[in-house]
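Engineer: heads up, no residue letters with this:
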């Protein structure tokens, strides 16, 4: 029979655990899962009833007792906003929550006022999709999901301040989300002062309130431009919500470019600050690089190419103006606004048939090609080596040599890149080379390839490396320019200066970042606090009319289309609520009929400011009282002179480095500019935790099968896995529904208890690394906690066995080494190594056979952040009243960290001849004298002259004869 503590107890291959409750041969007071559950639930109830983890604010309804001073040492830590999934949590989800809880509990024990709370990101596409699948209203299903998640997290024993919890769907939270949107709508970015300012100041500067003029400067504005249309989801998506494969992040549907009128946020105005201020925060270098790459700041030149025979000039941005002499054609994106202005009436004489697309006129060719391009995703357009395009029938003038170069429309150039047009230099670019070869266009090299590279054309293809400029000299009237022989950087600066002199170009900076597309054609999101007048101008609602709440719809399902239906148009569900859309309001000039916005905000809206609401969650007058925001998030010059403020510690997955973190930084900076917050950054320190991976199994069709139904068979050294008697292949992947390898926290609580689950997850490896889940290994953490329990409680009688006996000096020294090491590990977020040190100390105390209070009580306190329920119970049984949550974390005595004696090795001619114990403070002379007196050393010297004695105190003496 398998015992409850057996490492093989559980499911056949580490899927579902077996219950570890009381067995007939189990001592009555053993720490089992059953006893753990009683202890854990009791302490959770006590923490809640006593408000143990309620962090006091400086002012407001959450302020501490009147006259009580708040600690200057405050600590605000956060987890990334969770989405309340209908499936509840699996054991991978709590990894970050446990980590922040460990940090928070440790900080409380070091004297800090710790703010740790958890809310719920409840709007958005996932909730709506789940509601549509179940046929129930998203509010109903979301609230149920939140209830499940709250229960699972409470059972984990997280030290949250429950007074500060909220959900983005709460009317009061919606009100302030809409209020922040109005701050954006009623603001503009002053490029001279590099900050946002109220729109009234712009109106005063411009001398007009004409919305046709003013609306072009707002930070929130309506614009018709190319957007990412996803027919399969029935909504448009922000660039950040489209994968590198040109598909929707949610649902993996194809995404197409369409021109639509949508709300946008002018995040591009903050591009430089978003990049530069990364130097002021404590974030992983890889995360900073992801944001810098996404913003994509590039320095180069804007060059003007006049279109011959017209008044049109094509402006292009290039980071390589030194290659202008190699420009042999131009390409304009099919979506670019100027396309229709550069189409000739007829083909030029002797036009190459490859350029016409088989059309009778350029207009017909361009029109057909635009339809063709719209049916492709961005990734298909960029990665297709078979280049396509059509000639516009027009030629542009190369400003460095007056050459006439043909202008094409081609889909490998996207409207979102630069100006939507490029100067094509096939000699120095792979895609330009492929297009030039396909259409028979000239190729001119402007950078000298190195020896061994065939620099003939076509030769070895484009040369992408560095080298001196070649073929780059021109005489333009009385002005000549030559780049030949210059290295790239010098050639760039030379040609930019010349272009400026000629009026054909200027130095400039461009960005990959595009303004944030903020409209969604969905139901489950925050309504915009905007109405439209009879002229279709957007008008902000007054604060007194907030929040604007969603109407109840019998059919809230979005209108979706076939995934590849590029001719479809968005149909927002709110458009069906006619009585809600068309509303009579008095906005200051008498009752009038207005039309509400039928799009909703994306789910990123609520998560772009929620950190602020934790500081003052019930405030009805502001997003947060300035005193509360300043206390929890204000700048701390003790960290660095230019400290930007922000949350002290923020943990979450690296997948949010762009989508969430870029958006929240933008919103926060706008609020700072407008004087609503004192902090310039939302999160000072950021940490990306790894993932929990688990075994997954696929059958012969490649389909995943439930992991808990797989049976492991071992035959000698061979292991096979069977599902319904058929072999399956094993792999490891991120735990989730799609891989059918979920293990839930509820199963862990039942089989082992929450503390064992916490200790196991924190001991699996470094927090920032992904790690494989193994249910059968959890029992090792349970056995560790059982050993700690036995140091305090007799398993047979339940009596406390701790005494006041004086431990041996060796054990005292081991305790203080452990305290010192665990303290360093806690500061460095090394929970796994801290737990290893606690296990080692527990084993030493167990082996000593004594139970000294002076050793066991510090052990219990050090264990408290990891296994808080067990630690509280043991602390109580040791005779202490009240919680240990605020007990001082043990401190090491420096005198006891010094080793009492060390082993000194003596070598003669490099060979070890003796060892002896000495004081760590022994001097070189003492060690030399002692070494030379050793009998074995004397025999090895054998009367020879000692030429030199090399001492490396206190551990080595080397005698040279």
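Structural biologist: Nice, I can see it. Here the structure is a predicted model, which is why all the values come from computation and not from measurement.
Engineer: chain neighbours aside, what residue packs nearest to residue 722?
Structural biologist: Spatial nearest neighbour of residue 722, chain neighbours left out: residue 711 (4.9 Å); criterion: C-beta to C-beta, 6 or more residues apart in numbering. Using the backbone N, CA and C atoms, a C-beta is placed for each residue, glycine as well.
Engineer: by mean pLDDT, which helix or strand of the protein comes out lowest?
Structural biologist: The helix or strand of the chain with the poorest confidence is helix 378-383; it has a mean of 72 (mean pLDDT, DSSP states H and E).
Engineer: and it, how far out from the chain middle?
Structural biologist: The chain centre lies 26 Å from the centre of helix 378-383; the measure is C-alpha atoms, centre = their mean, to the nearest Å.
Engineer: counting by contacts, list what it packs against.
Structural biologist: On a contact count with 3 or more C-beta pairs under 8 Å, 6 or more residues apart in numbering; DSSP states H and E, helix 378-383 meets no helix or strand.
Engineer: helix or strand right after it?
Structural biologist: Going down the chain from helix 378-383, the next helix or strand is strand 390-397, by DSSP states H and E.
Engineer: ok, and what's touching the least confident helix or strand of the chain?
Structural biologist: Residues outside helix 378-383 that contact it (C-beta atoms under 8 Å, 6 or more residues apart in numbering): 242, 244, 245, 246, 247, 255, 257, 373, 411, 412, 414.
Engineer: surely the first one touches residue 228?
Structural biologist: Yes - because the distance of 5.3 Å satisfies C-beta atoms under 8 Å, residue 242 is recorded as touching residue 228.
Engineer: which of these two has more neighbours?
Structural biologist: A side-by-side neighbour count of residue 242 and residue 228, using other C-beta atoms under 10 Å, places residue 228 first with 23 against 19.
Engineer: could you look up the SS state of that one?
Structural biologist: Here residue 228 is strand, with the state taken from DSSP: H, G, I helix; E, B strand; the rest coil.
Engineer: tell me the contacts of it?
Structural biologist: Residue 228 is in contact with 236, 237, 238, 239, 241, 242, 255, 256, 257, 517, counting by C-beta under 8 Å, 6+ apart.
Engineer: would you state the strands of the stretch 201-350 of the chain in chain order?
Structural biologist: 220-230, 235-237, 256-265, 298-306, 313-318, 329-332 (DSSP state E, counting those that start in this stretch).
Engineer: the second one - what's its average pLDDT?
Structural biologist: So that's strand 235-237. Across strand 235-237, pLDDT averages out at 86.
Engineer: show residues contacting it.
Structural biologist: 125, 227-230, 248-249, 255, 258, 260, 262, 517, 519-522, 558, 570.
Engineer: ok, 7 Å please
Structural biologist: Strand 235-237 is contacted from outside by 227-230, 248, 255, 260, 262, 517, 519-522, 558, 570, using C-beta atoms under 7 Å, 6 or more residues apart in numbering.
Engineer: check the third one too.
Structural biologist: Strand 256-265 has contacts (C-beta under 7 Å, 6+ apart) with 184, 219-229, 236, 335, 374, 377, 415, 515-519, 528, 566, 570, 599.
Engineer: any of those residues buried? List them.
Structural biologist: With burial judged by 16 or more other C-beta atoms under 10 Å, the buried subset of the contacts of strand 256-265 is 184, 219-222, 225-229, 236, 335, 374, 377, 415, 515-519, 528, 566, 570, 599.
Engineer: any idea how far residue 263 lies from residue 525?
Structural biologist: The span separating residue 263 from residue 525 equals 12 Å under the rule C-beta to C-beta, to the nearest Å.
Engineer: my bad, residue 51
Structural biologist: 35 Å.
Engineer: what does residue 815 give?
Structural biologist: From residue 815 over to residue 525 (counting by C-beta to C-beta), the distance is 56 Å.
Engineer: what about those two, which has more around it?
Structural biologist: With neighbours defined as other C-beta under 10 Å, residue 815 and residue 525 compare such that residue 525 has more, 29 against 25.
Engineer: bridging residues for the nearest residue to the more buried one once chain neighbours are set aside?
Structural biologist: Nearest non-adjacent residue to residue 525, counting by C-beta to C-beta, 6+ apart: residue 600, 3.2 Å away. Judged by DSSP bridges, the bridge partners of residue 600 are residue 520, residue 527.
Engineer: right, and residue 600 touches residue 529 too?
Structural biologist: No - applying C-beta atoms under 7 Å as the test, residue 600 and residue 529 come out as separate, 11.6 Å apart.
Engineer: give me the number of residues near residue 273?
Structural biologist: Applying other C-beta under 10 Å, we find 17 residues neighbouring residue 273.
Engineer: again but with residue 778, I slipped
Structural biologist: When counting by other C-beta under 10 Å, one arrives at 27 neighbours for residue 778.
Engineer: who's in contact with the residue lying closest to residue 768 once chain neighbours are set aside?
Structural biologist: In space, and not counting its chain neighbours, residue 768 is closest to residue 690: 5.6 Å by C-beta to C-beta, 6+ apart. Residues in contact with residue 690 (C-beta under 7 Å, 6+ apart) are 767, 768, 769, 770, 771.
Engineer: you'd agree the third one is in a helix?
Structural biologist: Right, the one you point to is residue 769. No - counting by three-state DSSP, one finds residue 769 to be coil, located in no helix.
Engineer: what's the nearest residue to it if we skip its chain neighbours?
Structural biologist: Setting aside the residues directly before and after it, residue 769 is nearest to residue 690 in space (C-beta to C-beta, 6+ apart), at 4.5 Å.
Engineer: okay, that neighbour: pLDDT?
Structural biologist: The predicted local confidence for residue 690 is 89.
Engineer: quick one: it from residue 773, how far?
Structural biologist: Distance, residue 690 to residue 773, by C-beta to C-beta: 12 Å.
Engineer: what is the neighbour count of residue 910?
Structural biologist: 8.
Engineer: for it, which non-adjacent residue is spatially closest?
Structural biologist: That would be residue 958: by C-beta to C-beta, 6+ apart, it lies 7.3 Å from residue 910.
Engineer: could you look up the SS state of that neighbour?
Structural biologist: In three-state terms, and counting by three-state DSSP, residue 958 is strand.
Engineer: rewinding a little: overlap in contacts of residue 242 and residue 228?
Structural biologist: Contact criterion C-beta under 7 Å, 6+ apart; residues shared by residue 242 and residue 228: residue 255.
Engineer: list the buried ones in stretch 65-76?
Structural biologist: Buried-residue list, stretch 65-76, by 16+ other C-beta under 10 Å: 74, 75, 76.
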